[in-house]
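>>> Need a 3D model of the following:
(one chain, ligands or ions: 2)
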Amino acid sequence: MTLDASAPARTTGTVRVVGTGLLGTSAALALHQRGVDVVLADPSPTAMALARDLGAGRFPGPDDDPRLVLVACPPDVVADVVAAELASHPSAVVTDVASVKNGPLLTLRAAGADLSRYVGGHPMAGRERHGAVAARSDLFAGRPWVLTSTAETRPGALELVRDLAVDCGAAVVTMGAEEHDAAVAVVSHAPQVAASLVAARLREASEPAVALAGQGLRDVTRIAASDPALWAQILAGNAAEVADVLAELRADLDEVIGALRALTADPAAPGARGRLARAIADGGSGRDRIPGKHGSAPAAYATVVVVVPDQPGELARLLGDVSAAGVNLEDLRLEHSAGQRVALAAVDVLPAAAEHLATALRAGGWTVPL
Ligand SMILES: NC(=O)c1ccc[n+]([C@@H]2O[C@H](COP(=O)([O-])OP(=O)(O)OC[C@H]3O[C@@H](n4cnc5c(N)ncnc54)[C@H](O)[C@@H]3O)[C@@H](O)[C@H]2O)c1
Ligand SMILES: O=C(O)C(=O)C[C@]1(C(=O)O)C=C[C@@H](O)C=C1
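Ligands and ions are numbered 1, 2, ... in the order given. As a prediction, this is how the structure comes out:
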C-alpha cells in the first residue's frame, strides 16, 4: 500500500524525532514525504546520518522550535528521554512510540514531568528488524496507532498527536495506559514469546528435519527474528500482564499434552481426540477475530497461486501483470521450496476477480495451477 503523499499534511510546524531507528525513521520518512519539516536526533551519529541520507529529515539547528516531539527510543529509557524533551522544549507537545505505556507514564508522573503536554503513543506496526535501514514510509499505513492521553492532558495536545499519526497513514485508537498494556500482552507480547519458544525448538532439530520446513512454520516464526534486547525491555516493562496470558497458554498446553499422553498410552483414550480438536478449533475462533485491513473485519479473499521462476525481476513482472489485468492485489505471500528454482506466489484478490486474474495470467504465459 502507498500513502497519498500529495495530500496536504495536517501536521504543521517542525516535528523533532528523537531516536532514528526503525520506528522513528519510518515516521520521519512518512512526515517528511508529505512536506513536514522534520528534525532528526539520536545519540548515535550514524543512526542520525542514515536517517537523513534516507530522506527522513534534517539535522537539528540552533533556532529549532518544534511544535511536536516524537520520541522513538528503547522502552527502558523512554520516560527519561520524554522528560528531557518536555523540559528542553517547553512549548512542544511530546509523544512516544514505546510498546509499553503504563510504566513510563507512572515514572513521568512520579518525576513531576509536565503531563499536560505528554500524550503516550504506540503504533501497532513494526518489523522483526531494527535500525533506520529497515525503515519504510508506509510502515503505519492502515495500522492502529494507540494514543493514551490522561486527565492531565491539555486541550489540543491529543489532536496534535492524532494529526501526526494520521499523516503517517495510521488509524488512531485512544485508550488508557493500563488498558493498553493488558491488550498488547494478548495481541503482541505473549505471541512474541510463543513464536520465539516454538522457533527455539528448531535449534536441536536435525538438518533433514529443518529442511522440511514449510510455510506453516515460516508463518508462525517470522517474529522470532525480533531484536532480543528490545524485547527483553518490552517484556520486562509489561511483566505482570504478559505472565497472566502465558499462564493461560500454559494451562491450554497442559491440556493438549495430557490428551497426547493419554493417546500414547491408549490410542482409543476417550475424550482425547475431542480435546485436540477443541484446541485447534479454539485457535480458529480466535484467529477469526483478527481484524483485516484498516481495522475492518477480515475479508474473505480468494488466492490465485502462480509459479514464479527464481530469477531477478520475475516478481516485479508478475505484479505488473496483475495490475495490467486491472485487479487490485490485496495481499501477497511467497513460498520457497528447498532446492527448487521456482517460488509459489499466493496472490490474494477479491473473490470476484480471481477467475479473471487466473485467465489473464495464463494468457500472459504464467503457470497458474488449477
Ligand atoms: N520494532 C517494532 O516492531 C516496534 C513497533 C512499535 C513500537 N516500537 C517501539 O519503538 C521504539 C523504538 O524501537 P525500534 O524498533 O525503532 O528500535 P531501533 O533499535 O530500530 O531504534 C531505536 C533508536 O533509539 C536510539 N536510542 C537509544 N538510546 C536513546 C536515547 N537515550 N535517546 C534517544 N535515542 C536513543 C538508538 O540509537 C536507535 O537509533 C521502542 O520503544 C519500541 O518499543 C517498536
Ligand atoms: O510485525 C512485527 O514484526 C512487529 O514487530 C509488530 C508489533 C506487533 O506485535 O504487532 C511488535 C511490537 C510492537 O510494539 C508493535 C507491533
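>>> Near ligand 2, which residues of the chain? Just list them.
Ser99, Met124, Ala125, Gly126, Arg127, Glu128, Ser188, Ile223, Ser226 (Cβ under 6 Å from any ligand atom). The C-beta positions use only the backbone N, C-alpha and C, and glycine is treated the same way.
>>> top of these by neighbour count?
Highest neighbour count within the residues of the chain next to ligand 2, by other Cβ atoms under 10 Å: Ser99, with 25 neighbours.
>>> all strands of the stretch 151-300 of the chain, in order?
171-174 (DSSP state E, counting those that start in this stretch).
>>> Point out where it drops to low pLDDT.
Scanning the stretch 151-300 of the chain for pLDDT under 70 picks out the ranges 293-300.
>>> can you give me the helices in this structure?
22-33, 45-53, 75-88, 102-110, 157-167, 177-184, 190-200, 207-211, 215-221, 228-237, 239-265, 272-288, 314-324, 351-363 (DSSP state H).
>>> Make CSV out of those helices and add distance to Ala134 and mean neighbour count.
Below are the helices of the chain laid out as CSV (distance: least, Cβ to Cβ, whole Å; neighbours: other Cβ atoms under 10 Å):
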stretch, distance to Ala134, mean neighbour count
helix 22-33, 5, 27
helix 45-53, 10, 18
helix 75-88, 18, 20
helix 102-110, 24, 18
helix 157-167, 20, 21
helix 177-184, 21, 19
helix 190-200, 17, 16
helix 207-211, 26, 9
helix 215-221, 18, 13
helix 228-237, 12, 16
helix 239-265, 25, 14
helix 272-288, 27, 12
helix 314-324, 20, 15
helix 351-363, 31, 15
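>>> still on that earlier bit, ok, the residues of the chain next to ligand 2 vs Leu139, which is closest?
For those, the closest approach to Leu139 (Cβ to Cβ) belongs to Ala125, at 5.2 Å.
>>> about what we covered before: between the helices of the chain, which gets nearest to Thr14?
Among the helices of the chain, helix 22-33 sits nearest to Thr14 (Cβ to Cβ), with 10.3 Å.
>>> what sits up against that closest one?
The contact list for helix 22-33 (Cβ atoms under 8 Å, 6 or more residues apart in numbering) reads 3, 5, 9, 11, 15, 17-18, 20, 38, 40, 42, 50-51, 54-57, 70, 72-73, 97, 123, 126-127, 129-132, 134-140, 164, 167-169.
>>> Can I get the buried part of the residues you listed as one ChimeraX selection?
With 16 or more other Cβ atoms under 10 Å as the criterion, this ChimeraX line picks the buried residues out of these:
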select :3,9,11,15,17,18,20,38,40,42,50,51,54,56,57,70,72,73,97,123,126,127,130,131,132,134,135,137,138,139,140,164,167,168,169
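>>> what's the closest non-adjacent residue to the residue positioned nearest the centre of the chain?
The residue lying closest to the centre of the chain (Cα atoms, centre = their mean) is Ala125, at 2.7 Å. The shortest distance from Ala125 to any non-neighbouring residue, by Cβ to Cβ, 6 or more residues apart in numbering, is to Arg143 (3.9 Å).
>>> isn't the one you found right next to Gly126, touching?
No - judged on Cβ atoms under 8 Å, Arg143 makes no contact with Gly126 at a distance of 9.1 Å.
>>> just checking: which of the contacts of helix 22-33 also lie near ligand 1?
Within the contacts of helix 22-33, those near ligand 1 by Cβ under 6 Å from any ligand atom are Val18, Thr20, Asp42, Ala72, Cys73, Val97, Pro123, Gly126, Arg127, His130, Gly131.
>>> Sitting in strands, which of these do you find?
Val18, Pro123 (DSSP state E).
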